[in-house]
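Enquirer: Sequence first, then the predicted structure:
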Amino acid sequence: MEDLGLNSRAGLPQELRVLADLYPRDLWRGHANFTGMTAFWLDRHGLFRELSAKLVEQAQVQLVTPNARFIPEMARYASFLLNQLHTHHSVEDHHYFPRLQVLDSRIEHAFALLDGDHHTLDGQLQALADAANHAIRSEADKDATAALLQAEDRLQRFLDRHLADEENVVVPLILEYAPDLE
Ligand SMILES: [Fe+2]
Ligand SMILES: [Fe+2]
């Protein structure tokens with residue numbers, strides 16, 4: 001059976017794309033059921049993509065050209081990303097997903113997949129926090145910075161996969177059924 005874990009899948013399996021195929025991404029924002037809240041939610045995803053990319057870039061630069069501002073800047077970005085992602089996942093798990101997963105039985109099990117992603121990401125967020133704390137304690141020596149970069153890179157890859165797949169489940173559901181999510 002196909003492994004749909006966040007670590008190994010390359011996208012949503014075909015059976016979970018029944019609505020995604022009806023609503024291609026470039027039509028989302030012009031659709032009548034595309035709400036301000038949907039735009040806000042997608043913008044949060046954009047912010048997470050930017051922050052995780054920024055962290056990777058900072059550590060890559062630090063390994064070549066060490067900079068005294070690296071630790072405070074990394075700590076600020078990392079703690080902001082960690083806090084915001086925890087809040088975001090908890091709103092999805094407790095507020096949005098229970099309302100969305102009852103809308104279409106054909107893609108109901110997509111929410112088990114997304115919930116599994118959140119658990120996998122929890123482990124990676126913890127790994128990022130540990131690596132960031134270690135880098136701070138060691139005053140960003142080369143080994144600690146390299147280990148931090150590895151944790152950031154891993155998180156960025158899995159986060160990108162999760163966000164794209166989650167968007168391809170959630171936005172088409174909203175466009176098709178116009179649920180009240182307030
Ligand atoms: Fe999520
Ligand atoms: Fe999300």
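Expert: Arrived safely, thanks for sending. Ligands and ions are numbered 1, 2, ... in the order given.

Enquirer: near ligand 1, which residues of the chain?
Expert: Residues of the chain lying near ligand 1 by C-beta under 5 Å from the ion: 92, 166. For every residue, glycine as well, the C-beta is placed using N, CA and C.

Enquirer: just checking, what packs against the longest helix seen in the chain?
Expert: Counting by DSSP state H, the longest helix found in the chain is helix 142-177. Counting contacts by 3 or more C-beta pairs under 8 Å, 6 or more residues apart in numbering; DSSP states H and E, helix 142-177 packs against helix 36-64, helix 97-100, helix 110-137.

Enquirer: Out of the ones you listed, the one nearest residue 178 is which?
Expert: Minimum separation from residue 178 across those (C-beta to C-beta) falls at helix 36-64, 10.3 Å.

Enquirer: so what's residue 42 up against?
Expert: Applying C-beta atoms under 8 Å, 6 or more residues apart in numbering, we find residue 42 in contact with 167, 171.

Enquirer: still on that earlier bit, save the helices and strands packed on helix 142-177 as a markdown table, and put in distance to residue 162 too.
Expert: Output for the helices and strands packed on helix 142-177, formatted as a markdown table (distance: least, C-beta to C-beta, whole Å):
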| stretch | distance to residue 162 |
| --- | --- |
| helix 36-64 | 9 |
| helix 97-100 | 13 |
| helix 110-137 | 4 |
